[in-house]
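Could you look at this predicted model? Sequence included:
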Amino acid sequence: MSEQSPAEEGRADALPEYAERVLDVAERIPPGRVMTYGDVAEWLEEGGPRQVGRVMALYGGAVPWWRVVRADGALLPGHELRALDHYRAEGTPLKQASRSAEGHLPRLDMRRARWDGATQNHS
């Protein structure tokens, strides 16, 4: 009776194995650097951007969530200002928003901010 069905497993205290792996990658990303959802999936050699995004949406609050981003460099909708505070504090490369950009929020400079998962920690 104490065993959980697969449907209940996602609500248990223990994270699904894939989620643990995604969160581990998020924790490895150095301050001031980012990986896209697709980069994380490719690094894990499992899943895809949507699966990584789902894990981050459900469980990402416990890790530096702002370092796992959209490939276009746009800030996470609904969390833009919180993420921007983190990026500025960490010195993450940003591109200034154009005057026509909605809300005039900058984007991540993906060419400079993207981390390839290697151990070096330089810009």
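Perfect, I can see it now. Just so we're clear, the structure is a prediction, and the values are computed from it rather than from any experiment.

how about the helices of the protein, start to end?
6-9, 17-28, 37-44, 49-59, 80-90, 110-113 (DSSP state H).

Report all helices and strands that the second one contacts.
Judged by 3 or more C-beta pairs under 8 Å, 6 or more residues apart in numbering; DSSP states H and E, the packing partners of helix 17-28 are helix 37-44, helix 49-59. Placement of C-beta: from N, CA and C, glycine included.

That helix versus helix 49-59: what angle between them?
80 degrees (axes from the mean of the first three to the mean of the last three C-alpha atoms, to 10 degrees).

Just the CA trace of helix 17-28, in PDB.
Taking C-alpha atoms only, helix 17-28 is exported to PDB below (Å, rounded to 0.1, in the frame of the first residue of the first chain):
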ATOM      1  CA  GLU A  17      15.600  11.000 -12.300                       C
ATOM      2  CA  TYR A  18      15.500  13.100 -15.500                       C
ATOM      3  CA  ALA A  19      14.600  16.200 -13.400                       C
ATOM      4  CA  GLU A  20      17.500  15.600 -11.100                       C
ATOM      5  CA  ARG A  21      19.900  15.400 -14.100                       C
ATOM      6  CA  VAL A  22      18.500  18.700 -15.600                       C
ATOM      7  CA  LEU A  23      18.800  20.500 -12.300                       C
ATOM      8  CA  ASP A  24      22.300  19.200 -11.800                       C
ATOM      9  CA  VAL A  25      23.300  20.800 -15.200                       C
ATOM     10  CA  ALA A  26      21.600  24.100 -14.200                       C
ATOM     11  CA  GLU A  27      23.700  24.100 -11.000                       C
ATOM     12  CA  ARG A  28      26.900  23.600 -13.000                       C
END
